[in-house]
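Undergrad: Model the structure of this input:
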Amino acid sequence: MIIRLAQEEDIPRIMQLVKKVVPVMRASGNYQWGDDYPNPEVFNADISINQLWLCEIDEQIAGISAITTDQDPEYADAGWDITETAIVTHRLAVDPDYQGMGVAKALMQQAEKVAAQSEIKILRVDTNSENMATRKLFPKIGYEFCGEISLAKRPGLKFYCYQKLL
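TA: Okay, here's the model as predicted:
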């Protein structure tokens, strides 16, 4: 398993992963992603500022994650002070063929490494309330549930917020 920064030439393979993940998400009632999001432009923007990471297994992209300091304004509804700098994980996805192999955990550990290198003590993440895999994973790796929010960019959906302090 290799964790590395994504490059522009990875975008077609990343989009293949997204196309595999979205039907699995929808089948479980999770409508966080769709035909409009995430798209190549979003990933290209992530790559241009070195915040899109991927996990490769046998030269195949097994998972992706944007590791950023971008906090949605709605995070304040979880009781968070969004003026505090935090490492925030967005767009975490694992290819269905690689689920259960520790890919998401490895990408979340990469967020901790980025935080440590940046001397940032707060890690945050949100997930769709219907995403049972991440709702189970985050507490297991030390994240504390902090509340439920809604996001203007995804109306009608509920998101659970988690935080870990280093």
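
Undergrad: What distance separates the opening and closing residues of stretch 76-85?
TA: By Cα to Cα, to the nearest Å, the extent of stretch 76-85 from end to end equals 13 Å.

Undergrad: Could you check that stretch and say which residues are buried?
TA: 77-78, 80, 82 (16 or more other Cβ atoms under 10 Å). Quick note: C-beta positions are derived from backbone N, CA and C, even for glycine.

Undergrad: Identify all contacting residues around that stretch.
TA: 69, 71, 73, 75, 86, 120, 122, 124, 146-150, 161, 163 (Cβ atoms under 8 Å, 6 or more residues apart in numbering).

Undergrad: ok, back up a step: I'd like the buried residues of stretch 76-85 laid out as a markdown table, including distance to Ser48.
TA: As requested, the buried residues of stretch 76-85 are exported to a markdown table (distance: Cβ to Cβ, whole Å):
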| residue | distance to Ser48 |
| --- | --- |
| Asp77 | 30 |
| Ala78 | 29 |
| Trp80 | 27 |
| Ile82 | 23 |
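
Undergrad: Could I get the phi/psi values of the residue lying closest to Leu17 once chain neighbours are set aside?
TA: By the measure of Cβ to Cβ, 6 or more residues apart in numbering, the closest residue to Leu17 outside its immediate chain neighbours is Asp95, 5.1 Å from it. For Asp95, the backbone dihedrals are phi -60, psi 130 (criterion: degrees, to the nearest 10).
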